[in-house]
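*Asks:* sequence and predicted structure are below.
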Amino acid sequence: MEQVESEPAVVVFRVTDRSIEAPESIPAGLTTIRLQNDGTVPHSLVVFDIDEGHTVDDVARELTGQFWPESWAPAIGEVSAEPGESNEWTVRLEKGLYAATDWTVGPDQVPHVARGVFTGFEVTASEGPEIAWDSDVIEIELGDFFFTGLQDLPAGRNTFRLVNLSDEQDHMLLFVPLGDGQTVVDMFGDYVYERDGGNLDFEPAAEIGWIGPGQEVEYSVDLDPGNYAVVCLLPDGHPGTPHSNLGMLGQITVSG
Ligand SMILES: [Cu+2]
């Protein structure tokens, strides 16, 4: 199909503490998925692309925590946002069924899913021309267990397109500020996975969310000058060794 240079369509997912409001039907194509957090606590939004033969209810039934081993519904991205704020990523939606949720746990330790923060939507065939990916981006490949294309960056907004080359592993990238003289090995060399309950024991400056096997996504992140650890902390199995311990760790300098 012929491709045109144009901004992707933006679809807003309005997340409250008890619901997600979003269109029930979205045309296929390159789409910016925007989380608008209208709740009172931080929320994340993750979207699953459901294979034919499965339903939105199947996802609801199988979704028991912030891990997702089901290969019939890969995650196609995740963002988080503070109350009153928004965050977004871009992905090419194909015709079919999708589910969207906040699978994290609230400050009261209750999973947001249990309160109804879950929805399904259908992507329908598109009539219009196909919008091309932005060509002016930093390309990063994620594999088992490495990433390519990581580089020092200018301060401010940088846009990445990430491809997960794996057949079975989910991947993500965190940018975590390093202290004076600290290295990524000091911080994550023997990291022990402590994210159960949604709690991190460090403060990431930016997060490029959950990317299922074979998926391609585009994220923009804002970074201040400094040195950063760049890691994937998803586990190899559950429980399992963090991917950072298997090779998915790097270090970059952001210059102002
Ligand atoms: Cu990974």
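*Replies:* In hand now; what should we look at? All values reported here derive from a predicted model rather than from experimental measurement. Residues are numbered from 1 along each chain as shown.

*Asks:* only C-alpha atoms from now on, for both contacts and neighbour counts.
*Replies:* OK.

*Asks:* any stretches of the stretch 151-256 of the chain with poor pLDDT?
*Replies:* Judged by pLDDT under 70, the stretch 151-256 of the chain has its weakly predicted residues at 193-201.

*Asks:* residue boundaries of the helices in it?
*Replies:* Across the stretch 151-256 of the chain, reading from the start of the chain, the helices by DSSP state H, counting those that start in this stretch fall at 184-188.

*Asks:* also the stretch 1-150 of the chain?
*Replies:* Counting by DSSP H, counting those that start in this stretch, residue ranges of the helices within the stretch 1-150 of the chain are 56-62.

*Asks:* and the gap between the residue of it found nearest the ion and E82?
*Replies:* At 6.6 Å from the ion, F145 is the closest residue in the stretch 1-150 of the chain, using Cα to the ion. Counting by Cα to Cα, to the nearest Å, the separation of F145 from E82 is 31 Å.

*Asks:* residues in the protein within reach of the ion, list them.
*Replies:* Among all residues of the chain, those adjacent to the ion (criterion: Cα under 5 Å from the ion) are H171, C232, H243.

*Asks:* how about a cut-off of 8 Å?
*Replies:* Taking Cα under 8 Å from the ion as the contact definition, the chain meets the ion at 142-146, 169-173, 232-236, 242-244, 248.

*Asks:* which residue does the protein bring closest to the ion?
*Replies:* Each residue of the chain has a distance to the ion, by Cα to the ion, and the smallest belongs to H171, at 3.5 Å.

*Asks:* need the nearest residue in space to that residue, chain neighbours excluded.
*Replies:* Once its chain neighbours are removed from consideration, H171 has its nearest residue in I211; the separation is 5.3 Å (Cα to Cα, 6 or more residues apart in numbering).

*Asks:* what's the answer for G179, then?
*Replies:* N227 (7.8 Å).

*Asks:* can you check V10 too?
*Replies:* In space, V10 comes closest to T32 once its chain neighbours are excluded; the distance is 4.6 Å by Cα to Cα, 6+ apart.

*Asks:* D51 too?
*Replies:* Using Cα to Cα, 6+ apart and skipping the chain neighbours, the partner closest in space to D51 is W72 (5.2 Å).

*Asks:* the one you found reaches F48, doesn't it?
*Replies:* No: at 9.2 Å, W72 does not count as touching F48 under the criterion of Cα atoms under 8 Å.

*Asks:* what number of residues lie near the residue nearest to G179?
*Replies:* 22 (other Cα atoms under 10 Å).

*Asks:* report the beta-bridge partners for it.
*Replies:* T253 (DSSP bridges).

*Asks:* same check on L174?
*Replies:* Bridge pairing for L174 - DSSP bridges - gives E207, V231.

*Asks:* quick one: contacts for it?
*Replies:* With contacts defined as Cα atoms under 8 Å, 6 or more residues apart in numbering, L174 is in contact with P204, A205, A206, E207, I208, A229, V230, V231, C232, L233.

*Asks:* next one: T90
*Replies:* By Cα under 8 Å, 6+ apart, the contact set of T90 is P8, L30, T31, T32, I33, V217, E218, Y219.
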